[in-house]
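# Next comes the sequence, and after it the predicted model I'd like to discuss.
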Amino acid sequence: MTYLPGNISTPVIKDADTQKAVMFLGGLVRMRAEAADTAGAYALLEHTGERGYMSPLHLHESDEETFFILDGTLRVEVGNEVRSVGAGALALLPRGLAHGFVVTSPTARFLTLHTPGGGFDAFVEEAGVPFDGIMPPAAGPGLDPEELTRVAAAHGIQIVGPPLVP
């Protein structure tokens with residue numbers, strides 16, 4: 001067996017109450033495994049949102065993003081392709097290719113896997129508002145588009161278009 005840099009060398013076991021959670025772009029994101037947990041190999045995030053929870057059109061400079069839909073339906077746009085994806089569906093989005101999503105069902109829950117980790121998970125933590133698990137933070141406007149674009153760029157993410165229309 002060959003050792004690859006970034007391989008996980010010690011076990012990590014995190015209970016739900018020790019995992020970070022943030023409100024991000026109108027949805028709840030739970031950081032199931034951060035880059036710090038995986039020696040930078042990947043980050044695994046769980047998203048929960050209502051109809052209209054969406055991302056702006058963006059691309060990742062250094063990581064692939066994989067969506068796995070647990071419940072509900074999303075519309076995923078990548079390149080010139082637009083697909084409706086429901087529970088059990090997977091969407092693998094290569095780095096450097098503009099994409100976005102919007103929840104089209106009443107609610108949805110999905111995982112995103114970012115390989116390698118360290119970009120998107122750090123962006124979500126910086127741009128999001130911590131969630132204590134009891135009461136969501138008061139609804140607010142979040143970061144303005146200019147600030148969101150600046151914070152995203154600092155983490156290797158380019159925002160290249162507006163949010164998708166629900």
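Yes, it's here.

# so what does the longest helix seen in the chain touch, helix or strand wise?
Taking DSSP state H as the criterion, the chain has its longest helix at helix 145-154. Contacts defined by 3 or more CB pairs under 8 Å, 6 or more residues apart in numbering; DSSP states H and E place helix 145-154 against strand 56-60, helix 120-127, strand 157-163. Backbone N, C-alpha and C define where each C-beta goes, glycine included.

# angle of it against strand 56-60?
20 degrees (axes from the mean of the first three to the mean of the last three CA atoms, to 10 degrees).

# Residues contacting helix 145-154, please?
The contact list for helix 145-154 (CB atoms under 8 Å, 6 or more residues apart in numbering) reads Pro56, His58, Phe123, Glu126, Ala127, Gly142, Leu143, Gln158, Ile159.

# Give me the lowest-pLDDT entry from those residues.
Taking pLDDT as the measure, the contacts of helix 145-154 have their low point at Gly142 (68).

# List every C-alpha atom in stretch 100-107, with coordinates, as CSV.
The C-alpha atoms that make up stretch 100-107 are tabulated as CSV, following Å, rounded to 0.1, in the frame of the first residue of the first chain:
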residue,chain,number,x,y,z
GLY,A,100,-25.2,26.5,-9.0
PHE,A,101,-28.2,24.9,-7.3
VAL,A,102,-31.6,25.8,-6.1
VAL,A,103,-34.0,23.8,-3.9
THR,A,104,-37.2,23.3,-5.8
SER,A,105,-39.1,21.0,-3.4
PRO,A,106,-40.7,22.4,-0.2
THR,A,107,-37.5,21.3,1.7
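
# Rounded mean pLDDT for the longest helix of the chain, please.
Averaged over helix 145-154, pLDDT sits at 93.

# Go through it and flag the buried ones.
For helix 145-154, a neighbour-count test (16 or more other CB atoms under 10 Å) marks Leu148, Thr149, Val151, Ala152 as buried.

# ok, now stretch 34-47?
By neighbour count with 16+ other CB under 10 Å, stretch 34-47 contains the buried residues 34-35, 37-47.

# For the residue nearest to the spatial centre of the chain, give me the pLDDT.
For the chain, Thr112 is the residue whose C-alpha lies nearest the centre (CA atoms, centre = their mean; 5.4 Å). In this model, Thr112 is scored at 98, pLDDT.

# so what's it bridging to?
Bridge pairing for Thr112 (DSSP bridges) gives the partners Leu45, Phe67.
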